[in-house]
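In: predicted model follows, preceded by the sequence.
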Amino acid sequence: MAAERSARIPPNDDLNVIVVPVGNPDTAPVLLRLTAGLIDSRVGRIIALFVRLEHDVEQSDLLDEIETVVDRFQREYPATELLVRHSGSIARSILEVAREVQADLIIMGTSSADEHHPIARNVAPAAPCAVMIAHQPNDFQRVVVPVDNSDHARVACRVGLRLARYSGVNMIAVGVQRPGHTAGEIRAQIDRALRYLPGAQKVRRIIVPEDDPLEGLFSEVTPSDLIVIGFVDHVTLDRWLFSSFSAPLFERAEGPVLLTTSVENGRAARLSWLQRRWRWLKPTLTDTEQEELVWTAEEQASPNLDYWLLMALAAIIATAGLLLNNATLIIGAMLVAPLRAPIMAFATGLTTGNISTMRRATVTLGVGMLIAFVVAFLMGKLVVFKTPTGEMQNWSHPTLIDVAVALAAGFVGAYAAARKHISDALAGVAISASLEPAICTIGLAIGVRNIELATGAALLFTTNFICISLAVWGVFFWMGMRPRLIERSRKQQYLTVALVMVLALPLVAALLTLSNQQGAAGLIEERLQEAFLPAEIVDVNVTDGETIAVLATVRSIAPVTPQFVGVVEDRLASELNKPVDLNVVALSIITGSHDEP
């Protein structure tokens with residue numbers, strides 16, 4: 001039977017992988033047969049996906065029934081495999097599997113009991129490929145396609161013809177003639193929708209005079225008919241599901257209804273392939289996932305006892321690491337610090353234009369910073385030190401590498417929050433790594449009145465905070481998060497753009513300053529290496545200001561004279577067009593001698 005069907009159906013070269021969620025043993029066979037009518041019979045692969053919800057122990061029997069259905073279908077179509085996923089969200093699992101296998105199509109079933117079709121409404125707008133939604137999937141004796149003067153009708157006709165050919169049934173195209181239109185105009189619309197499609201000459205064309213398109217359609221539909229409605233893209237399908245037209249259609253339909261986005265052939269298929277690859281690289285969040293992120297942000301925006309306690313403990317560990325010049329302790333503080341929560345809440349509020357969440361997250365972050373600052377300040381007073389350790393110096397001299405690390409930390413934090421299978425602890429460490437030690441360095445520096453050290457650490461903290469916030473905003477925006485309330489969305493979008501610019505401007509200024517400083521430091525080090533050859537430049541410390549202060553450590557056999565240092569200093573000042581104060585620490589190299597005294 002399968003061989004006969006494959007022989008008379010042209011292969012669908014653009015449909016090689018189709019994902020079919022199968023959670024109902026009664027509708028699964030129909031969905032799989034629909035898939036067989038669309039897949040490339042030569043190399044096609046059908047993924048029957050069963051999502052086993054976490055903590056649901058009653059699904060074992062259901063899975064056994066699904067396995068039986070799939071085994072039976074594999075006899076007719078061997079290239080079918082059952083994939084079982086354990087997850088807390090069916091919609092998320094469908095999207096993840098579709099991306100993993102680079103699916104060309106997702107076919108889902110809904111029933112009359114699914115009043116709001118939650119899974120379909122979450123999957124459709126975020127899917128990385130074409131989507132079909134079969135409402136009340138069942139066997140059919142005829143395919144009915146409503147046709148109007150839109151590109152959506154051509155999408156429906158293409159899919160309807162494929163299914164009609166595979167199932168060996170007839171297809172009719174129904175055009176509703178509303179007042180003010182002639183039968184010739186409606187027939188032309190039908191011909192346009194069917195033009196150049198294989199088998200179009202066999203399609204029966206019906207014109208129904210009727211004011212209401214829905215009444216006109218159902219005047220020709222029987223309970224054994226499959227109604228196919230097409231959409232050129234996911235956005236249109238998503239809007240239609242929420243429109244006032246969808247509910248009456250589903251309520252009146254006694255037989256199956258198939259909603260489908262565009263499944264193209266030829267040049268359009270190549271373009272569609274590129275679009276699918278782009279959507280694969282753009283893992284759009286579902287509405288449910290976005291709502292979960294917003295709810296989580298609202299909870300994390302307010303501090304609690306755990307937050308205060310962890311901030312104090314992390315500050316103690318980080319300050320000890322700075323004082324002891326121990327990087328291991330600082331890393332331990334990063335594991336404890338809970339700074340991820342308020343920063344993620346702030347960035348989520350920034351993305352959605354929620355000022356209340358941003359305000360509360362800012363207060364929470366400020367309280368955490370104050371706790372860390374006070375702890376570091378008091379420890380600095382108790383443990384007297386005069387010279388900053390190497391770790392303190394590291395956290396008080398921001399560089400472009402620090403900016404890159406902060407941006408990467410923000411990306412990891414946002415992506416882990418959006419993708420539930422990635423550990424939150426990983427994201428927390430990445431964010432805290434860019435912030436906690438800098439706050440403690442500020443407290444220690446203020447304690448010993450080292451304003452230069454405190455200023456550098458404050459600049460590093462501010463730059464890192466802005467970078468992380470903008471990175472999180474960018475990831476969430478890339479994944480589809482927007483202001484949600486329609487009546488306020490435009491105002492919220494303007495507000496979001498304004499706030500992003502407010503954060504971005506100081507970041508750009510800081511990047512330019514850091515770039516100039518590093519450019520000057522690199523030039524100075526290069527010139528010192530040239531001037532002191534064959535001596536070795538061990539270390540160069542450059543502090544920019546009205547006068548560029550340079551402290552260079554040189555290891556040399558020959559003595560370094562003050563006159564030579566003055567000459568190098570003048571050369572640097574001339575090249576940089578700015579006064580330079582060069583100080584050299586000369587390390588003498590003394591070789592042994594075996595000559596008699």
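Out: Arrived safely. Residues are numbered from 1 along each chain as shown.
In: alpha carbons of whatever helix or strand residue 226 lives in, as PDB, please.
Out: Using DSSP states H and E, residue 226 falls within strand 225-231. C-alpha atoms of strand 225-231 as PDB (Å, rounded to 0.1, in the frame of the first residue of the first chain):
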ATOM      1  CA  ASP A 225     -14.400  16.400   5.100                       C
ATOM      2  CA  LEU A 226     -10.900  17.800   6.000                       C
ATOM      3  CA  ILE A 227     -10.900  21.600   6.000                       C
ATOM      4  CA  VAL A 228      -7.500  23.000   5.200                       C
ATOM      5  CA  ILE A 229      -6.700  26.700   6.000                       C
ATOM      6  CA  GLY A 230      -3.300  28.200   5.100                       C
ATOM      7  CA  PHE A 231      -1.100  30.900   6.400                       C
END
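In: what packs against it?
Out: On a contact count with 3 or more CB pairs under 8 Å, 6 or more residues apart in numbering; DSSP states H and E, strand 225-231 meets strand 142-147, helix 151-167, helix 234-241, strand 257-261. The way it works is simple: take the backbone N, C-alpha and C, and place the C-beta from them, glycine included.
In: tilt between the first one and strand 257-261?
Out: Using axes from the mean of the first three to the mean of the last three CA atoms, to 10 degrees, the direction of strand 142-147 lies 50 degrees away from that of strand 257-261.
In: got a markdown table for the helices and strands packed on strand 225-231, with mean neighbour count and distance to residue 369 too?
Out: Below are the helices and strands packed on strand 225-231 laid out as a markdown table (neighbours: other CB atoms under 10 Å; distance: least, CB to CB, whole Å):
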| stretch | mean neighbour count | distance to residue 369 |
| --- | --- | --- |
| strand 142-147 | 26 | 61 |
| helix 151-167 | 22 | 54 |
| helix 234-241 | 18 | 42 |
| strand 257-261 | 25 | 48 |
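In: so for residue 283, which of the ones you listed sits nearest?
Out: Of all the helices and strands packed on strand 225-231, helix 234-241 sits nearest to residue 283, with 13.9 Å by CB to CB.
In: average pLDDT for that closest one, rounded please.
Out: Across helix 234-241, pLDDT averages out at 79.
In: just want the angle from that helix to strand 257-261.
Out: Using the same axes, to 10 degrees: helix 234-241 against strand 257-261 is 150 degrees.
In: gap between helix 234-241 and the chain center?
Out: 21 Å (CA atoms, centre = their mean, to the nearest Å).
In: output the contacting helices and strands for it.
Out: helix 118-123, strand 130-135, strand 225-231, strand 257-261.
In: who are the packing partners of the first one?
Out: What it means is helix 118-123. Using 3+ CB pairs under 8 Å, 6+ apart: helix 118-123 touches helix 90-100, strand 105-110, helix 234-241, helix 287-300.
In: mind running it again at 10 Å?
Out: With contacts taken as 3 or more CB pairs under 10 Å, 6 or more residues apart in numbering; DSSP states H and E, helix 118-123 sits against strand 17-21, helix 90-100, strand 105-110, strand 130-135, helix 234-241, helix 287-300.
In: okay, the ones you listed in a markdown table with distance to residue 556 next?
Out: A markdown table is the format used below for the helices and strands packed on helix 118-123 (distance: least, CB to CB, whole Å):
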| stretch | distance to residue 556 |
| --- | --- |
| strand 17-21 | 68 |
| helix 90-100 | 60 |
| strand 105-110 | 71 |
| strand 130-135 | 71 |
| helix 234-241 | 69 |
| helix 287-300 | 56 |
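In: so which of the ones you listed comes closest to residue 442?
Out: Short answer: helix 287-300, nearest of the helices and strands packed on helix 118-123 by CB to CB, at 23.9 Å.
In: what mean pLDDT does that closest one have?
Out: Mean per-residue pLDDT for helix 287-300: 83.
In: buried ones in that helix, by neighbour count?
Out: Judged by neighbour count using 16 or more other CB atoms under 10 Å, the buried positions of helix 287-300 are 287-290, 292-294, 297-298, 300.
In: hang on, the earlier thing: closest to residue 409 out of the helices and strands packed on strand 225-231?
Out: helix 234-241 (32.1 Å).
In: now the closest one against helix 287-300, angle please.
Out: Using the same axes, to 10 degrees: helix 234-241 against helix 287-300 is 90 degrees.
In: ok, the nearest residue to residue 398 once chain neighbours are set aside - contacts?
Out: Take residue 398 and drop its neighbours on the chain: the residue closest to it by CB to CB, 6 or more residues apart in numbering is residue 460, 4.1 Å away. The contact partners of residue 460, taken as CB atoms under 10 Å, 6 or more residues apart in numbering, are 394-399, 402-403, 406, 434-435, 437-439, 441-442, 510, 514.
In: and for residue 82?
Out: Counting by CB under 10 Å, 6+ apart, residue 82 has contacts 22, 46-50, 63, 66-67, 69-71, 73-74.
In: secondary structure added to those, as a markdown table?
Out: Formatted as a markdown table, these follow (DSSP: H, G, I helix; E, B strand; the rest coil):
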| residue | secondary structure |
| --- | --- |
| 22 | coil |
| 46 | strand |
| 47 | strand |
| 48 | strand |
| 49 | strand |
| 50 | strand |
| 63 | helix |
| 66 | helix |
| 67 | helix |
| 69 | helix |
| 70 | helix |
| 71 | helix |
| 73 | helix |
| 74 | helix |
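In: per-residue confidence at the residue positioned nearest the centre of the chain?
Out: Nearest to the centroid of the C-alpha atoms of the chain, with distances taken as CA atoms, centre = their mean, sits residue 479, at 4.1 Å. pLDDT, the model's per-residue confidence, is 84 for residue 479.
In: ok, it to residue 418 distance?
Out: 6 Å (CB to CB, to the nearest Å).
In: equivalent analysis for residue 457, please.
Out: 31 Å.
In: with residue 142 instead?
Out: For residue 142 relative to residue 418 (CB to CB), the value is 44 Å.
In: kindly state the pLDDT recorded for residue 501?
Out: Note on residue 501: pLDDT of 66.
In: kindly apply the preceding question to residue 555 instead.
Out: Value listed for residue 555 in the pLDDT field: 83.
In: who's in contact with it?
Out: Contacts of residue 555 (CB under 10 Å, 6+ apart): 532, 535-539, 585-589.
In: now residue 39
Out: Residue 39 makes contact with 11-12, 15-18, 45-46, 77, 79-80, 104-105, 166, according to CB under 10 Å, 6+ apart.
In: okay if I get those residues as JSON lines plus pLDDT and distance to residue 245?
Out: Output for those, formatted as JSON lines (pLDDT from 0 to 100; distance: CB to CB, whole Å):
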{"residue": "11", "pLDDT": "42", "distance to residue 245": "35"}
{"residue": "12", "pLDDT": "48", "distance to residue 245": "29"}
{"residue": "15", "pLDDT": "73", "distance to residue 245": "28"}
{"residue": "16", "pLDDT": "82", "distance to residue 245": "33"}
{"residue": "17", "pLDDT": "87", "distance to residue 245": "32"}
{"residue": "18", "pLDDT": "91", "distance to residue 245": "27"}
{"residue": "45", "pLDDT": "88", "distance to residue 245": "35"}
{"residue": "46", "pLDDT": "91", "distance to residue 245": "31"}
{"residue": "77", "pLDDT": "86", "distance to residue 245": "35"}
{"residue": "79", "pLDDT": "86", "distance to residue 245": "37"}
{"residue": "80", "pLDDT": "90", "distance to residue 245": "35"}
{"residue": "104", "pLDDT": "84", "distance to residue 245": "28"}
{"residue": "105", "pLDDT": "88", "distance to residue 245": "24"}
{"residue": "166", "pLDDT": "86", "distance to residue 245": "28"}
